[in-house]
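Novice: heads up, no residue letters with this:
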């Protein structure tokens, strides 16, 4: 009976150690699953850069519906601000990131608009020889961000 109690105690300790890691992974998965909604916003922004050599200031300038109309299970709004895409998490997302923002900012080559727009997620570094546009409003804790949205080493 004593051996059984020790085994149960060890299993409980291991479960307590693994639980926070699992929660972080679950939140990261919600972010990864939600972000493809921004693909509908990326296309008109990239087209504006290629054709006009400027970025739309807001949703209307990009030919998109109001921010609160671009939603899914985990996103409550998607806003264009000076070419940057600001994703606000809400609806049925984990409460740890509800109301938090993830920014997707366009990186461009100023003197070569034919070069496709590269999208910088959150706190990720800017690609070499490119200029980033828009403000980074990302306020999601680094532990929850997918690897491609983090600063190197975090």
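Specialist: Thanks, I have the structure now. Being a predicted model, the structure only gives us computed values, none of them experimental. Residues are numbered from 1 along each chain as shown.

Novice: and the residue nearest the centre of this structure?
Specialist: The chain has residue 102 as the residue nearest its centroid, 4.2 Å off, counting by Cα atoms, centre = their mean.

Novice: that one: helix or strand, and which one exactly?
Specialist: Taking DSSP states H and E as the criterion, residue 102 maps to strand 101-108.

Novice: and that strand, average pLDDT?
Specialist: Here strand 101-108 scores 96 as its mean pLDDT.

Novice: who does the residue nearest to the centre of the chain form a beta bridge with?
Specialist: For residue 102, the beta-bridge partners under DSSP bridges are residue 87.

Novice: now the helix of greatest length in the chain: buried residues?
Specialist: The longest helix of the chain (DSSP state H) is helix 2-34. Going by neighbour count (16 or more other Cβ atoms under 10 Å), the buried part of helix 2-34 is 27-28, 30-31, 34. No exception for glycine: its C-beta is placed from N, CA and C like everyone else's.

Novice: circling back to that earlier point, the strand holding residue 102 versus helix 2-34: what angle between them?
Specialist: 50 degrees (axes from the mean of the first three to the mean of the last three Cα atoms, to 10 degrees).

Novice: which outside residues touch strand 101-108?
Specialist: 31, 35, 38, 42, 45-46, 49, 55, 83-89, 115, 117-122, 126-127, 130-140, 145, 149 (Cβ atoms under 8 Å, 6 or more residues apart in numbering).

Novice: what about those residues, which are in helices?
Specialist: Short answer: the contacts of strand 101-108 in helices (DSSP H) are 31, 42, 45-46, 49.

Novice: what's the closest of those residues to residue 70?
Specialist: Taking Cβ to Cβ as the measure, residue 70 lies nearest residue 42 of those, at 12.0 Å.

Novice: low pLDDT regions in the chain?
Specialist: Low-confidence segments of the chain (pLDDT under 70): 18-20, 154.
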